[in-house]
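> Below are the sequence and a predicted model for it; my questions follow.
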Amino acid sequence: MVKAAEPRRFADHPRPGVPSTTAALVGAALDDAMAAAETRAGAADRPAITVLDAGCGRVSHLKRYRSRIARFVGADIHAPAPGALPHLDEFATVDLCVDGDAFPPATFDVILSSFTVEHFADPDAAFRHLERWLRPGGRLVLSTVNRRHPFVRAYLGLPDAVRRRIQPLVKATAADAHPLVGACNDPAAIHEALRTAGFVDIRIETVGHLASAWRRRRPTRLLGRMGDLLTARWPSRRSTIVVSATAPDDGAAEDAADAEVALAGLPA
């Protein structure tokens, strides 16, 4: 391993005491986001936090905070079956890349977007919309695939017709097979897109997730495990990216030194 080839933002990952799983990293980021939102809301006898699951699926990491959430909104390009998402208070059919007026500005304290960025046809627009919908100081937590992983790069690079045939074989369920774009799917691209959209305090972590993502069949699960092991020592190439970013608060500015660290040494 050539340490100089890895960006410094990955140097301490996995974080001490935090298991190296996507769920653990997303959970830790949401813990921080919810605590910060509750601090901004002040002491109250009842929940005061409004959250959005942007690109919601059948399950949501936000469900475990249900008792602390006053308004739980889900949004996706496809409407769910009636009663499929009982944890939600509201659902809206939204194309995150197009429907910038789907919600008023400064609506949400926390937004979660799980494995949606790889499907964005216009990630720059989607990130602008998400930043606009957050209240000042609100947090975005997202997870997505990392194109710097050789297996992910090969998978995203397949012709559409071929990938459509393979997707149901490698995904955890056939319902998880959706069109892929991968236009903003490496750490540097995500950092730059979020920064351009106006986010500050952008924190990026990576983790091996292919064995879990491709667990539907034993051969693909074993292939995923091989891919996780292949990149375990190269954080910038691990298969999954987990990000926390903050909508700027009044008078807030991104720490210039942190911005330098975030991009230092990232391979082309």
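Done, it's in.
> Strands of the stretch 1-150 of the chain, residue ranges please.
With DSSP state E, counting those that start in this stretch applied, the stretch 1-150 of the chain shows strands at 49-54, 69-76, 90-93, 108-114, 134-145, listed in chain order.
> Next, format these as a markdown table and append mean pLDDT.
Listed next are the strands of the stretch 1-150 of the chain as a markdown table, based on pLDDT from 0 to 100:
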| stretch | mean pLDDT |
| --- | --- |
| strand 49-54 | 98 |
| strand 69-76 | 97 |
| strand 90-93 | 96 |
| strand 108-114 | 98 |
| strand 134-145 | 97 |
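> right, and those strands - which one's nearest residue 40?
strand 134-145 (5.7 Å; Cβ to Cβ). Quick note: C-beta positions are derived from backbone N, CA and C, even for glycine.
> angle of the closest one against strand 108-114?
With axes from the mean of the first three to the mean of the last three Cα atoms, to 10 degrees defining the directions, strand 134-145 sits at 10 degrees from strand 108-114.
> helices or strands up against strand 134-145?
Packed against strand 134-145, as judged by 3 or more Cβ pairs under 8 Å, 6 or more residues apart in numbering; DSSP states H and E, are the following elements: helix 22-41, strand 108-114, strand 240-246.
> Run me through the strand neighbours of the second one, direction for each.
Strands adjacent to strand 108-114 in the sheet, as given by DSSP bridges, are strand 49-54 (parallel), strand 134-145 (parallel).
> Can you tell me which of these is packed in deepest?
Neighbour counts averaged per stretch over the strands paired with strand 108-114 are highest for strand 49-54, at a mean of 25; criterion: mean count of other Cβ atoms under 10 Å.
> next one: that strand to chain centre, how far?
14 Å (Cα atoms, centre = their mean, to the nearest Å).
> So what touches that strand?
For strand 49-54, contacts defined as Cβ atoms under 8 Å, 6 or more residues apart in numbering pick out 34, 37-38, 41, 60, 62, 65, 68-75, 88, 94, 96, 103, 107-114, 116, 130, 133.
> filter the residues you listed to the buried ones?
Buried members of the contacts of strand 49-54, counted by 16 or more other Cβ atoms under 10 Å: 34, 37-38, 60, 62, 65, 69, 71-75, 88, 94, 96, 103, 107-114, 116, 130, 133.
> same question for stretch 204-211, mean pLDDT?
In this model, stretch 204-211 has a mean pLDDT of 93.
> residue contacts, the residue nearest to residue 230 when sequence neighbours are not counted?
With sequence-adjacent residues excluded and distances taken as Cβ to Cβ, 6 or more residues apart in numbering, residue 230 is closest to residue 150, at 7.3 Å. Applying Cβ under 8 Å, 6+ apart, one finds that residue 150 lies in contact with 227, 230-231, 237.
> in the helix or strand hosting residue 222, what's buried?
In this structure, residue 222 sits in helix 218-230 according to DSSP states H and E. Taking 16+ other Cβ under 10 Å as the basis for neighbour counts, the residues of helix 218-230 that come out buried are 220-221, 223-225, 227-228, 230.
> Lovely, talk soon.
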